[in-house]
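# Structure of the sequence below:
(2 chains)
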2 protein chains.
Amino acid sequence: MSTPTFTDATTLSHHDREEGDRFAPRFDAHGLVTAVTVDAKTGEVLMLAHMNAAALRATLETGIVHYWSRSRGALWKKGETSGEVQKLIEMRTDCDQDAVLVTVEQTGRGAACHTGRVSCFYRAVRLEGGEARLDQVGGDPLFDPKAVYR
Amino acid sequence: MSTPTFTDATTLSHHDREEGDRFAPRFDAHGLVTAVTVDAKTGEVLMLAHMNAAALRATLETGIVHYWSRSRGALWKKGETSGEVQKLIEMRTDCDQDAVLVTVEQTGRGAACHTGRVSCFYRAVRLEGGEARLDQVGGDPLFDPKAVYR
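Next up is the predicted model:
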């Protein structure tokens, strides 16, 4: 399998970036694009993470979603420790090509979040007397992080 | 109406940040959190943008979604020019509180993207002989940007 190649974003006009058929990711100063991950079955937003060129290539090449871990500074094959591997169904890019939308089949126990929950977005913001507070709305964890990450 | 207040993220333990009921947005070096915006009716991811403290406050206080425009360096009431105003249905935060998921009623013509399309994610990535290319999958624009942004 050949390693996927991208177009150099600096070579594209504004029009071609937004309307063209070249995938030319616009990496930020840290070499990253933002990735939003959605469950193919439910449409639920599971998580938000980042990809560098290596993560984009590995994801497209293997069909298994890879991110760049900013905290560890390393390529991150999602689910390598937890078993919560994500199979790539579709990748999209946005108008200005600095973000990707990754639709996945979430395997394992179906928990994308390291807390054991289905989605990282498990708390809703509400105002209480002018103060922003959080309500748990995402359901119980499907695994115990302490048992999974050791 | 009182201006919404948040908790200072640096005052929370790791556990309280992830499991607690305090909204304590973790702004990056530019004072921003990432915002993913989803259509309440269809569940479709519409766009990805950023919010600073002022944008978060304005959104929670008015129920109309505001972002921070990085290109203009200004508070951005979405739809002020185009009419594509977004009414806030729900805001969620993620496990480490550096991103929000904003569920909206997309008003106007129903096009969140400045290109006139429903969603900014209107192109899918495919590999063609090892080269990443884009296919238009998002449908036709609902308005003509040239006529709307003058």
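# Give me the phi and psi for A:Glu105.
Note on A:Glu105: backbone dihedrals following degrees, to the nearest 10 are phi -100, psi 110.
# oh, I was asking about A:Thr7
In this entry, A:Thr7 is assigned phi and psi values of phi -90, psi 140 (degrees, to the nearest 10).
# and it, how many neighbours does it have?
In terms of burial, A:Thr7 registers 20 neighbours under the definition other Cβ atoms under 10 Å in any protein chain shown. Heads up, the C-betas are built off the backbone N, CA and C, glycines and all.
# My understanding was that it contacts A:Arg17; is that so?
No. The pair formed by A:Thr7 and A:Arg17 falls short of the contact definition of Cβ atoms under 8 Å, at 9.4 Å.
# overlap in contacts of those two?
Residues touching both A:Thr7 and A:Arg17 by Cβ atoms under 8 Å, 6 or more residues apart in numbering or on different chains: A:Ala24.
# and A:Glu80, how many residues sit next to it?
A:Glu80 is flanked by 11 other residues according to other Cβ under 10 Å.
# any idea how far it lies from A:Gly108?
As judged by Cβ to Cβ, to the nearest Å, A:Glu80 and A:Gly108 stand 11 Å apart.
# Likewise for A:Asn52?
Here the distance between A:Asn52 and A:Gly108 works out to 24 Å (Cβ to Cβ).
# which of these two has more neighbours?
A:Asn52 (20 against 16).
# now the strands: where do they sit in chain A?
Secondary structure of chain A by DSSP state E: the strands cover A:33-39, A:45-51, A:66-69, A:74-77, A:86-93, A:99-106, A:123-128, A:131-136.
# backbone phi and psi for the residue of chain A positioned farthest from its centre, please?
Here chain A has its C-alpha centre computed as a mean, and the residue farthest from that point, by Cα atoms, centre = their mean, is A:Gly129 with 34.6 Å. Listed backbone geometry of A:Gly129 is phi 60, psi 40, with angles given as degrees, to the nearest 10.
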